[in-house]
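Q: Here is the input, now give the coordinates:
(one chain, ligands or ions: 4)
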Amino acid sequence: MNAAEFVQPDRLWSDLMTLADITDPERPHTRRSFSDRFLDGRRWLEQRFTEAGLTCHLDDAGNLIGRRLGSADGAGTIMSGSHSDTVPDGGRFDGILGVLCALEAARAFRDAGLVLRHDLEIVDFLAEEPSDFGLSCIGSRGMAGALTTDQRALAAPGGETLALALARMGGRPERLDTPRRTDLRAFLEVHIEQGIVLEQDGLPIGAVTAIAGVTRVEILFEGRADHAGTTPMDRRQDAAVAAAGVITFVSRRATELARSGQGHMTATCGIVGVSPNASNVVPRSARIVVDIRVSERAVVEAFLKELETTSLRLASEAHVRLERFRCLSDTKPVTCDATLIRMIEQAAGQLGLKHRQIVSSAGHDAAFVAQLCPAAMVFVPCRDGRSHDPEEWCSPEDAANAARILTQALQDIDRD
Ligand code: HGY
Ligand code: MN
Ligand code: MN
Ligand code: MN
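A: Ligands and ions are numbered 1, 2, ... in the order given. From the prediction side, this is the model:
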């Protein structure tokens, strides 16, 4: 018997739309990690996990885990999940599709009367999106033992440290140095592609073979605030001028590298800010966070060297100081597990769904869980490849396909 036949598309879609609507009234389409609205979403998830017969707990890294014991003692745990936080003004499916497809798989096993050999865990990872601490994938880093002491000391603009925020979310940051869990046998994450490939190819399923490395760098220029009207152009120390040069360099150089045949390359200045940010004051300081994605590690290492040299030159030309050039996070590219990829493709075939292998240029929790056990991902198309925006859309059919593939693959992994 295939539990995939017990997946209920309407139940899944209703859950997706309900959770997608739990967003910040002051900022629609937003459920930022560590916020009250995020906790509202968590409370709703915990209730749905419990109704599905899962036993819920928060692990030391603040991840919400729903667990069901397996029939074979010592067989270990198979896990599936994703994240329920969003970027500001985000989409309805990024993250929650993976959490709710995993929940739907758990309900399908229950409805089929199937107890897996392995323990089953459904996870909502804490803070997958870059948070106010400047860090992403906080829960999955924590689970993998990769959340360093320095990272736990990072402070949000309001002064709260990440360790305090983790404790506020029910985590136990002081225990994050204890030995990592060793019971995990496999991890699968369902996610919208957040790109255009599957839609262009007219395919419903992607088996992810690799997850791009993500490196984020903070650049801070310090100049001098002056009166915008009385300070002659040749007597200024305008930090924004240096920042503008960085933005132009990043776009131009990343475009050249993307065309150079050295694998995937993108670089984005997603955070740009000046201070004191007043129209009649020459900017005293300017802060940029650059997000860099590559499939080849050597490309980002060379790019970072060029970026630092260019930042120093731009600072000198604008008569300002390069106050900070700091790597906020640096995740290497991850290869997904070949056996799990084959099982995803096999499950797609069994369900009559066309599929292809695909590389993820988005970062995911799976990249960190891969440090603990074999990991792989199932992608479904999203309309026009749009994501990280309220226009993000995944069809009910594609969502149901994802849940069926996940259920089938988890059942095959359990038998394996
Ligand atoms: O930024 C990313 O790649 C992911 O969507 N958090
Ligand atoms: Mn995202
Ligand atoms: Mn995501
Ligand atoms: Mn993800």
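Q: Just want to check the distance between the residue lying farthest from the centre of the chain and Val282.
A: Of all residues in the chain, the one whose C-alpha sits farthest from the chain's mean C-alpha position, using Cα atoms, centre = their mean, is Thr230 at 46.7 Å. Counting by Cβ to Cβ, to the nearest Å, the gap between Thr230 and Val282 amounts to 10 Å. For glycine as for every other residue, the C-beta is placed from the backbone atoms N, C-alpha and C.
Q: Run through the residues of this structure sitting next to ligand 4.
A: If contacts are counted using Cβ under 5 Å from the ion, the residues of the chain sitting beside ligand 4 are 82, 191, 364.
Q: Can you tell me the element the residue lying closest to Gly245 once chain neighbours are set aside falls in?
A: Computed as Cβ to Cβ, 6 or more residues apart in numbering, the closest residue to Gly245 that is not its neighbour in sequence is Leu314, at 3.9 Å. Secondary structure from DSSP states H and E places Leu314 in helix 297-317.
Q: can you check Ala108 too?
A: When elements are defined using DSSP H and E, Ala108 is found to belong to helix 96-111.
Q: Phe187 too?
A: strand 184-192.
Q: helices or strands up against that strand?
A: Using 3 or more Cβ pairs under 8 Å, 6 or more residues apart in numbering; DSSP states H and E, the elements in contact with strand 184-192 are strand 77-83, helix 96-111, helix 338-350, helix 366-369, strand 375-380, helix 396-415.
Q: who touches stretch 245-255?
A: Among residues not part of stretch 245-255, those counted as contacts by Cβ atoms under 8 Å, 6 or more residues apart in numbering are 219, 265-269, 272, 288, 290, 292, 303, 306-307, 310-311, 314, 317-318.
Q: what about burial for these, which qualify?
A: Among those, those classed as buried by neighbour count (16 or more other Cβ atoms under 10 Å) are 219, 265, 267, 269, 288, 290, 292, 303, 307, 310-311, 314, 318.
Q: Identify the farthest-apart pair in those residues.
A: Between any two of these, the greatest separation by Cβ to Cβ is 27.0 Å, found for Met265 and Ala318.
Q: What's opposite the residue nearest to Val208 when sequence neighbours are not counted in the beta bridge?
A: Here the nearest residue to Val208 in space, its sequence neighbours aside, is Met377; by Cβ to Cβ, 6+ apart that works out to 3.8 Å. With beta bridges defined as DSSP bridges, Met377 has these partners: Glu189, Val208.
Q: how close does Met377 get to ligand 1?
A: When distance is defined by Cβ to the nearest ligand atom, to the nearest Å, Met377 is 12 Å away from ligand 1.
Q: Which residues are in contact with that residue?
A: Contacts here follow Cβ under 8 Å, 6+ apart; on that basis Met377 touches 188-191, 207-208, 211, 336, 360, 364, 366.
Q: Many thanks, we can stop here.
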